[in-house]
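[1] Here is my input; please provide its structure:
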Amino acid sequence: MGEYVICMDASGDILREVAAESGIAFVPMEYSLGEEMRTSHGCEEEAVLKLFYDGQRKGDLTKTSQISPFMYEDYFRKFLEDGKSVLYFCLSGGLSATCESAMLAAKNLKEVYPDLDILPVDTLAATGGIGILVENAIENRKNGMGLWENYDAVKQLIPRLRHFFMVQDLMYLKRGGRVGAATALVGSALNIRPMLKIDEKGKLVTVDKKRGNKAAMLSLFAYFQENYNPELCRVIYICDADTPELAENLAEKVRAAAPDAVIRRTMLSPIIGAHTGPGMLSMILIGK
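    Numbering: from 1, shown residues only. Now for the predicted structure:
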């Protein structure tokens, strides 16, 4: 069986210990906070993330930039030169063009390294959804799955991925064109929390609205109860944009309802947080 590396976007969230133990590689991604450009290499330190979300609260604008095919080629080449193929988990093609760039880079590099493979997986996911797929890929590799078998196995899970999340700062949805200016202003005044999901095409859609954090958090818990099936996958991700108390309240409810669930608590990557703003809270799992 040929040796291969498992890579993921820095836009994905995964428990730091899991990534370190399994040698997960992260494709770096750039983002800005105010006038300062930064690079995320995945699994950012909590102190760095808190400064990021504090900056958003103070009014610093945040944005991200695309990865070009050339940048992907440069990144992947080091693994190929070591004789290793790559299984790469991309941010949803419905949210970004990075997966398309990765596929183009893989095609170009195949001409130079014909005996090795780069297999980009369009996860149709983000944040902890990528983390769940990577954890499954890690387990598959431990159990002896080769590159192509693992690629096929994780792709079978993608239609069952469920992302459901709340947003506290409507101004970030306004900047992204998901709500109008008037809706954002009125919603903020009325303490409205939009509830969104990633649909089957990997795109963000608004599915509900709740008034206040508690009602929104209970909606996330109800979503868990409707979708959780331990026979499919016991790992769930609760990712938050610096709202730890709300995230822990959600985790406590999950623990009480499903003691067998494996809860991964992580702070949201700045690559995704740049577009959701502070206070976002998500429930991500493999659903029924």
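[2] what about the helices in the stretch 101-250 of the chain?
    For the stretch 101-250 of the chain, applying DSSP state H, counting those that start in this stretch gives helices covering 127-142, 147-157, 170-175, 181-189, 213-227, 244-257.
[3] So in terms of bridging, what pairs with Ile6?
    Taking DSSP bridges, one finds Leu87 as the beta-bridge partners of Ile6.
[4] Could I get the contacting residues of it?
    22-25, 87, 89, 134, 137-138, 141 (Cβ atoms under 8 Å, 6 or more residues apart in numbering). The C-beta positions use only the backbone N, C-alpha and C, and glycine is treated the same way.
[5] and what of Asp9?
    26-27, 29, 42, 89-91, 98, 130, 271.
[6] buried ones in stretch 42-57?
    42-44, 49, 52-53, 55-56 (16 or more other Cβ atoms under 10 Å).
[7] from these, which is closest to Thr266?
    Closest to Thr266 out of the buried residues of stretch 42-57 is Cys43 (8.4 Å), distances taken as Cβ to Cβ.
[8] I'd say the closest one and Glu17 touch.
    No - contact criterion Cβ atoms under 8 Å: Cys43 and Glu17 do not qualify, at 9.4 Å.
[9] hey, where'd the strands end up in the stretch 51-200 of the chain?
    62-64, 85-90, 118-122, 161-166, 192-198 (DSSP state E, counting those that start in this stretch).
[10] To His275, which of those strands lies closest?
    Of the strands of the stretch 51-200 of the chain, the one closest to His275 (Cβ to Cβ) turns out to be strand 62-64, at 7.3 Å.
[11] List the contacts of that closest one.
    Against strand 62-64 from outside (Cβ under 8 Å, 6+ apart): 29-33, 52, 55-56, 270-271, 273-275.
[12] neighbouring strands for it, and are they parallel or not?
    Strand 62-64 sits in its sheet next to strand 29-33 (antiparallel), going by DSSP bridges.
[13] which residues does Glu139 contact?
    Per Cβ under 8 Å, 6+ apart, neighbours of Glu139: none.
[14] Please disregard the earlier target; I meant Phe89.
    6-9, 12, 121, 123, 130, 133-134, 137, 154.
[15] Tell me the most packed of those residues, by neighbour count.
    For these, the largest number of neighbours (other Cβ atoms under 10 Å) sits with Gly12, at 33 neighbours.
[16] Once you drop chain neighbours, what's closest to it?
    Leaving aside its chain neighbours, Gly12 sits nearest to Ile130 (3.0 Å; criterion: Cβ to Cβ, 6 or more residues apart in numbering).
[17] Leu204 now?
    Nearest in space to Leu204, with sequence neighbours left out and distances taken as Cβ to Cβ, 6+ apart, is Leu196 at 5.6 Å.
[18] The one you found - how many residues pack around it?
    As a burial measure, Leu196 scores 20 neighbours (other Cβ under 10 Å).
[19] now Ala25
    For Ala25, using other Cβ under 10 Å, the count is 17.
[20] What values do phi and psi take at it?
    Here the main-chain torsion angles of Ala25 (degrees, to the nearest 10) amount to phi -100, psi 140.
[21] and it, what does it touch?
    Neighbours of Ala25 in contact, by Cβ under 8 Å, 6+ apart: 5-8, 79.
[22] May I have the beta-bridge partners of it?
    Cys7.
[23] The chain should start at 39 in everything you say after this.
    That works, and once the first residue is 39, the last one we named lands at Ala63.
[24] From Asn181, how far out is it?
    20 Å (Cβ to Cβ, to the nearest Å).
[25] just Lys193 next, same as before
    17 Å.
[26] Neighbour count for the two, which is higher?
    Taking neighbours as other Cβ under 10 Å, Lys193 and Asn181 compare with Lys193 leading, 14 against 9.
[27] and Phe262, how many neighbours?
    Neighbour count for Phe262, taken as other Cβ under 10 Å: 23.
[28] isn't it right next to Val292, touching?
    Yes - judged on Cβ under 8 Å, Phe262 makes contact with Val292 at a distance of 5.9 Å.
[29] Now the common contact residues for these two.
    Ile274.
[30] any weak-confidence spans in the stretch 139-288 of the chain?
    Scanning the stretch 139-288 of the chain with the threshold set as pLDDT under 70 gives 210-228.
[31] how many other residues sit next to Ser60?
    16.
[32] Understood, closing this out.
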